[in-house]
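K.L.:
below is the sequence, then the predicted model.
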Amino acid sequence: MALLRLSQAQLAFGPQKLLDQAEFSLDHGESVALVGRNGAGKTTLLKVVSGLQELDDGQNIRQDNLKVATLYQDIPSSAYSDVYQSALALAGRLGQLHLDYNSAVAAQDNTRLATIGDAIDTAEAWDLPAKIEEGLGQLDIAKDSAFNALSGGKKRMLALVAAIAQKPDIILLDEPTNHLDLQAIEKLRQLVTRSDAAVLFITHDRAFMRGLATRIVELDRGRLYSYDGGYDRFLRSRDERLHAEALANEQFDKKLAEEEVWIRKGIQARRTRNEGRVRALKDMRKARAERVELQRNPNFSLGQVERSGKLVVSVKDLRFHFADRTIINHFDTTILRGDKVGIIGPNGVGKTTLVKLLLGELPPQAGTIKLGTQLDIAYFDQLRGQLNDALSVGDNVSGGSDHVTINGESKHIISYLGEFLFTPERVRSPIHRLSGGERNRLLLAKLFAQPANLLVLDEPTNDLDLETLELLESLLSQYEGTMLLISHDREFVDNVVTSVIALEGNGQVEEYVGGYSDWLQRQKSAPAASARPASNSQPKPAEKPAAPKKKLSYKLQRELEQIPAQIEVLEQEQSAIETQLADPELFVNDPTKGTALSERLGEIELELLSLLERWETLEQG
């Protein structure tokens with residue numbers, strides 16, 4: 001018998017049907033990924049499975065004494081100061097029994113001890129503390145450490161440990177990878193895999209889904225569709241289903257149109273009609289009126305602006321620290337126009353700090369950072385600080401105007417936000433009503449409404465549905481500007497970046513060609529960590545101080561100072577030539593001039609590269 005089965009499930013909030021004659025079951029040992037559009041009702045379905053939400057109609061058939069543990073998107077809080085007691089508190093009724101038992105032991109209250117002990121006996125939960133300690137060990141979290149000192153991601157991991165320790169039959173996970181770094185995501189997957197519970201989870205992380213799901217269930221317009229196999233097989237099967245649905249709808253609409261023509265002719269030409277055919281037409285009209293159309297895909301695009309200079313950012317011997325913690329130590333890099341750089345590393349290692357340094361928002365404590373010319377920067381903030389809760393959805397993007405300008409074309413704000421799947425009613429509503437996914441889509445709309453040749457994206461994929469995620473991925477892959485991306489979505493990083501900057505802790509920052517998978521492969525093939533000198537181990541013998549940089553002569557110092565201006569002059573000439581060459585009439589009216597301009601453009605590119613190399617040589621002394 002299945003652990004749980006929904007039959008002909010009906011659930012609606014107002015006019016929206018979240019479940020419409022839906023069928024679903026969950027068996028022992030299954031790990032099921034639940035996918036669907038933002039707002040389709042995935043989190044609500046988890047609440048139905050957990051028992052927190054009742055159906056309007058239909059059956060919710062559950063195994064006797066079914067135990068369900070849920071990890072929602074919210075970061076957990078605790079009334080206790082230390083991690084161990086907080087974990088017990090997060091373990092629900094069973095954890096509270098142990099907290100009460102410990103309190104009775106401290107008070108030497110034998111009567112309470114006996115009562116509480118009997119309750120723990122009945123629940124067969126004496127091993128709960130041991131399981132929590134085991135989980136803390138797997139997460140490398142000390143049981144007596146301060147709960148409030150944990151990051152949001154570690155607090156969610158702690159809640160998962162507490163959930164698993166209860167030995168539930170079903171574990172429900174709602175976007176479990178949010179706020180987690182790549183190492184924590186892998187630990188989470190291992191924790192869930194080792195559990196004996198069936199798992200139903202919502203995630204936008206395709207790599208996590210591939211590594212955990214044994215089946216994928218799609219919630220689409222109130223119906224649940226089950227697909228055996230992995231994510232790639234799901235994509236093929238879903239496309240086949242939607243294609244078959246589109247063909248059936250097309251045939252139905254054609255037949256309906258023919259019947260509408262027949263009934264109008266029948267009224268004009270005959271006194272009597274085929275009443276059976278008339279009734280069938282009425283049924284067809286009703287079926288057409290009740291059809292729930294497939295929500296269209298988002299259709300946004302990136303605005304284009306003039307190209308930036310060839311050099312975007314030049315970094316030399318960058319160093320930065322907080323108190324006694326080194327963030328960046330002796331880091332060099334050069335980012336050129338068109339580079340797409342992923343910035344990866346554990347939570348708290350300093351990824352956002354590095355971005356702020358590169359953009360000039362933070363001054364370096366040592367070393368130099370030089371920004372190139374003609375930069376138009378658009379910044380996607382993972383905290384969504386650029387959204388004003390006091391304004392409506394539309395005003396957040398347009399600044400109070402009815403129109404926005406995209407690629408030189410004026411668009412009405414309702415039309416523009418419609419490309420991001422916001423209805424006219426939603427455009428006028430306050431943003432506090434938006435879900436997490438909708439807020440991210442709104443921030444993308446605001447970001448893409450401004451022309452930019454340098455995109456800075458800090459965790460842009462959180463809460464996005466798969467369709468929006470894949471469109472964003474496609475757009476960024478084709479984007480001709482420069483991009484800095486912070487993301488813990490491994491597949492997204494692999495698909496859009498050309499190189500990664502990895503913050504590996506203790507100030508060590510390395511640059512690698514390729515994506516996350518390429519970095520991971522190099523880490524696996526590198527010598528074992530134990531063979532390397534640990535940064536926090538016993539003090540090493542004093543090293544010879546590095547030889548001081550040779551001071552440049554007056555002439556070379558002057559040459560170094562003049563290079564940025566020379567680059568800017570060349571880039572202005574480059575931009576002017578590109579504008580002329582964009583005129584389709586140039587080669588028709590004056591082919592000699594067109595050829596000369598094309599040759600000069602090639603010369604400028606070589607001169608720029610030569611100046612950049614000379615700049616690097618002089619700065620190294």
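P.N.:
It's in.
K.L.:
which parts of the stretch 351-500 of the chain are strands?
P.N.:
Ranges of strands in the stretch 351-500 of the chain, per DSSP state E, counting those that start in this stretch, are 366-371, 377-380, 403-406, 409-412, 454-458, 482-486, 499-503.
K.L.:
which residues sit against the third one?
P.N.:
Among residues not part of strand 403-406, those counted as contacts by CB atoms under 8 Å, 6 or more residues apart in numbering are Ser301, Gly303, Val397, Ser398, Ser410, Lys411, His412, Ile413, Tyr416, Phe448, Ala449. C-betas here are computed from N, CA, C, even on glycine.
K.L.:
can you list the strands that it pairs with?
P.N.:
strand 409-412 (antiparallel) (DSSP bridges).
K.L.:
just the C-alphas of the partner strand, formatted as PDB.
P.N.:
Output of strand 409-412 as PDB, limited to C-alpha atoms (Å, rounded to 0.1, in the frame of the first residue of the first chain):
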ATOM      1  CA  GLU A 409      11.600  51.300 -28.500                       C
ATOM      2  CA  SER A 410       9.000  52.700 -26.100                       C
ATOM      3  CA  LYS A 411       6.900  50.000 -24.500                       C
ATOM      4  CA  HIS A 412       3.900  50.300 -22.200                       C
END
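K.L.:
list the buried ones in that strand?
P.N.:
Lys411 (16 or more other CB atoms under 10 Å).
K.L.:
I'd like the average pLDDT over it.
P.N.:
Mean per-residue pLDDT for strand 409-412: 84.
K.L.:
hmm, who's touching it?
P.N.:
Residues outside strand 409-412 that contact it (CB under 8 Å, 6+ apart): Asp402, His403, Val404, Thr405.
K.L.:
in the chain, what helix or strand scores lowest on average pLDDT?
P.N.:
None of the helices or strands of the chain scores lower by mean pLDDT, DSSP states H and E than helix 275-290, at a mean of 75.
K.L.:
which other helices and strands contact it?
P.N.:
Under the contact criterion of 3 or more CB pairs under 8 Å, 6 or more residues apart in numbering; DSSP states H and E, helix 275-290 touches helix 231-269.
K.L.:
what residues sit buried inside the helix it packs on?
P.N.:
For helix 231-269, the neighbour count (16+ other CB under 10 Å) marks Tyr231, Phe234, Ser237, Arg238, Glu259 as buried.
K.L.:
which one of those is nearest Lys356?
P.N.:
Minimum distance to Lys356 across the buried residues of helix 231-269 is 35.0 Å, recorded for Tyr231 (CB to CB).
K.L.:
now do the same contact list for that closest one.
P.N.:
Ala33, Arg206, Met209, Arg210, Ala213, Ile216.
K.L.:
please redo it, this time with the cut-off set to 10 Å
P.N.:
When contacts are counted by CB atoms under 10 Å, 6 or more residues apart in numbering, Tyr231 touches Ala33, Val35, Arg206, Ala207, Met209, Arg210, Gly211, Ala213, Ile216, Leu466, Glu491.
K.L.:
same check, this time on Asp27
P.N.:
Counting by CB under 10 Å, 6+ apart, Asp27 touches Met1, Ala2, Leu3, Leu4, Arg5, Ala198, Thr214, Arg215.
K.L.:
from Gln63, how far off is it?
P.N.:
10 Å (CB to CB, to the nearest Å).
K.L.:
need the residues touching each of these two.
P.N.:
The contact sets of Asp27 and Gln63 overlap at Met1, Ala2, Leu3, Leu4, Arg5 (CB under 10 Å, 6+ apart).
K.L.:
done for today, thanks.
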